[in-house]
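> return a 3D structure for these sequence lines:
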Amino acid sequence: MEPMDNMLMRVTNNFIDWGNANGAGMSPLKLQKLMYLVYARYLYSQREPLFEERFEKWPKGPVLRDLYEMLKVFGGSNIEEPLTDVRGKIISIQLGSGPYTSAFREVAFRYGWNSANELIRLTHSGPPGADFHTAWAKTPEYGDYLGYKDILEDGGRFFA
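Now for the predicted structure:
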């Protein structure tokens, strides 16, 4: 397996750290959904992707395949420690100000305490009472990549 994209690992570690610091727990499944939400929110606000890897349609929502492969050893358990890069170094993003920090905090504080199952429902159907089809719902087949334009729309609608 190729090493995971540095930005992807940094964002992953920010969520693991946030979950541990706030008692929110961070299972691999929950983490995948939060990664989708921060990606969508950042894409919506900045009109550029946060990291290079693309989300695929899987039965339980959008999934980053490389992240799945790295985290599957945890099963359904919470991830207690940040991930390390190929040199054994922990990398994350120092939160301060700027577009990434804004998107990260909005996702963490709006959705970070939700369960993985609640986040699956969100990525499948949108927020309660929403009348739109999510990028996941619009993607025809399992294993297909979610469309850039559809993710961008989710980034606006999940946070309206």
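
> isn't residue 122 up against residue 115?
No. At 10.5 Å, residue 122 and residue 115 do not qualify as touching, with contact defined as CB atoms under 8 Å. Just so you know, the C-beta spots here come from the backbone N, C-alpha and C atoms, and that holds for glycine as well.

> these two - which one has more neighbours?
More neighbours surround residue 122 than the other of residue 122 and residue 115, with 22 against 14 (other CB atoms under 10 Å).

> beyond the helix or strand the more buried one falls within, next helix or strand please.
Assigning secondary structure by DSSP states H and E places residue 122 in helix 116-125. Sequence order places helix 135-138 as the next helix or strand after helix 116-125, per DSSP H and E.

> first-to-last residue distance for stretch 111-122?
10 Å (CA to CA, to the nearest Å).

> report the buried residues of stretch 42-55.
42-45, 50-51, 53, 55 (16 or more other CB atoms under 10 Å).

> I misspoke; the intended subject was stretch 97-108.
100, 103-104, 106-108.

> what mean pLDDT does that stretch get?
The pLDDT scores in stretch 97-108 average 95.

> kindly report the same for stretch 146-154.
Rounded mean pLDDT across stretch 146-154 is 97.
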